[in-house]
Structure formats: structure tokens, C-alpha cells
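Trainee: give me a 3D structure for the following:
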Amino acid sequence: MGRHFIDTNIIVYANDGRHPGKQKCALDLVAAALRDGSGVISTQVLQEYANVALGKLGQRQDVVLRQLVLLERLEVVHQTPALVRRAVELRGLYGITFWDAAIVAAAESGGCDRIVSEDLNAGQFYGGVAVVNPFA
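Mentor: Numbers count the residues shown, from 1 in each chain. Got it, this is the predicted structure:
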């Protein structure tokens, strides 16, 4: 089994009880990634999750902090100037948003063979990394 990059939307669904089917799928995915060490995220994912959790999901600060500590057990790709430049290249190459391109750049940097996401086009390859939608 290869390494997979977990996009922010998967982390958000794992914490969102309004969508029970997606929540269970996302929780199973994150739990398996923590168990087998195959999951990768980035500092961008941590930031986006915290922003959505504190705002849209209305989670308490202590809950978000506990979740962040748990997510830090995954491999975390830290943003660098080189990753920002790569995101700009990917944005131009694929016509995706800068933030999606930053996810792809982090997945490449983390040695991932796939990105698990609901946001990017499932089945497409970006920079040699395939996108899989676990909810499809």
C-alpha cells in the first residue's frame, strides 16, 4: 500500500456529524492512516481544518487542539518557499486554484502516490499523483 495525502475536506468530514455517511468513511480513512503510517498531511491542511472547525463547525478550542495533536501523528509536510513555487507551477499547468495546487505540491513532496479528496477531480493525475474520492 502506498502513501496517501489526506486533503482538508476529509479531516473536516471526520469532525462533522451533519453528514454521518461521509463522517464514518472519513473517520475510517484517518484511523487507518494513523494505524499503518500511510497518511500524509501538510501544515496547510492543519490550518484549514482549524479554521473550519472553529468557524463553520463551531467546535470548542480544546476539541480542535486535541484533534490537531492527533493529526500531528501523521507525517506532516511543512510549507517551504520551494513548495510555494511548485504550487504556482502546478496552478498554471492544471488550471486549478493556488490552494489546491499547494495540496498537490505537498503530496508530491511527501512522496504520495494519491491524494484522498472530494475537491479535486477524481481519477485525474496532478504531477504524477492520482486523486481518489473516497465518497464516490
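
Trainee: what's next to the helix ranked longest in the chain, contact-wise?
Mentor: Looking across the chain with DSSP state H, the single longest helix is helix 20-36. Residues external to helix 20-36 that are found in contact with it (Cβ atoms under 8 Å, 6 or more residues apart in numbering): 1, 4, 6, 10-11, 13-17, 38-39, 70-71, 73-74, 116, 134-135. Glycine gets a C-beta too; all of them are placed from N, C-alpha and C.

Trainee: how about the helices in this protein?
Mentor: Under DSSP H, the chain gives helices at 8-14, 20-36, 43-54, 61-71, 81-94, 98-109.

Trainee: export the ones you listed to TSV and tack on distance to F125?
Mentor: Converted to TSV, these look like this (distance: least, Cβ to Cβ, whole Å):
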stretch	distance to F125
helix 8-14	19
helix 20-36	20
helix 43-54	20
helix 61-71	26
helix 81-94	10
helix 98-109	10
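
Trainee: now those as JSON lines including distance to Q124, mean neighbour count and mean pLDDT?
Mentor: Conversion of the helices of the chain to JSON lines gives the following (distance: least, Cβ to Cβ, whole Å; neighbours: other Cβ atoms under 10 Å; pLDDT from 0 to 100):
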{"stretch": "helix 8-14", "distance to Q124": "16", "mean neighbour count": "23", "mean pLDDT": "97"}
{"stretch": "helix 20-36", "distance to Q124": "19", "mean neighbour count": "15", "mean pLDDT": "96"}
{"stretch": "helix 43-54", "distance to Q124": "20", "mean neighbour count": "18", "mean pLDDT": "98"}
{"stretch": "helix 61-71", "distance to Q124": "26", "mean neighbour count": "13", "mean pLDDT": "97"}
{"stretch": "helix 81-94", "distance to Q124": "8", "mean neighbour count": "15", "mean pLDDT": "98"}
{"stretch": "helix 98-109", "distance to Q124": "10", "mean neighbour count": "23", "mean pLDDT": "97"}
